[in-house]
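Colleague: based on what follows, work out the 3D shape:
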Amino acid sequence: MRAIERLLCALVTYFCLCCAISSAAQTQTIGSIGGTVKDAQGAFIASADVVIENLATADQRSLVTDTSGSYSFLHLSPGYYDVTIRAHGFTPAVFHAVAVSLGQTTTINVTLQIAQSNVEINVNDTPPPMRTDRKIV
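Modeller: Reported below is the predicted structural model:
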C-alpha cells in the first residue's frame, strides 16, 4: 500500500512540475505587428513596402506584402513603433507610436489611396514662323 502512495505522490509531483514548466515556457516576452494592405476598391496590394521603426532604439525592419497583401513582423520587443506603408502609385500611410505589447499582435489593416499626380501640359498654339525671304514652289 505504501508503494502505491509513493507512486501516486511521485506522479502528482511530476504532473505539477510539467504544468509549471509548460506555463513558464508559454510566457512571452515579444509581440508582433501584422495586417493587410488594400486599395480603395478592396483589391489586395502585393509587394507594398512596409517599414517599422522602434522609437526607443531606432532599429528598423522592412518587408514587402505577399500576393494577398498580408504582412507580419514577428518577435518584436514591446514598445512603440512607427509604421510606414508604401506602394507605387499610392499615397503612403504612416502610423505613429503603434503600441506592441507582450504576447499580443497589433493589427494594422490599411487602405491606400491613389496618389495625386501634378502633371502640367503646356500647349503652344502659335504656328512656327514662316520664312518669307525665299520662294518655295
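Colleague: for the rest of this, base every contact and every neighbour count on C-alpha atoms.
Modeller: OK.
Colleague: can you give me the strands for this structure?
Modeller: Counting by DSSP state E, the chain has these strands, from start to end: 31-39, 49-54, 60-64, 70-76, 79-86, 93-100, 105-107, 110-112.
Colleague: can you list the buried residues in the third one?
Modeller: Going by neighbour count (16 or more other Cα atoms under 10 Å), the buried part of strand 60-64 is residue 64.
Colleague: okay, now the sheet partners of that strand, with direction.
Modeller: Each strand that strand 60-64 pairs with, and the sense of that pairing, follows from DSSP bridges: strand 49-54 (antiparallel).
Colleague: reformat the strands of the chain as TSV; add mean pLDDT.
Modeller: What follows is the strands of the chain, written out as TSV (pLDDT from 0 to 100):
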stretch	mean pLDDT
strand 31-39	98
strand 49-54	98
strand 60-64	98
strand 70-76	97
strand 79-86	98
strand 93-100	97
strand 105-107	97
strand 110-112	97
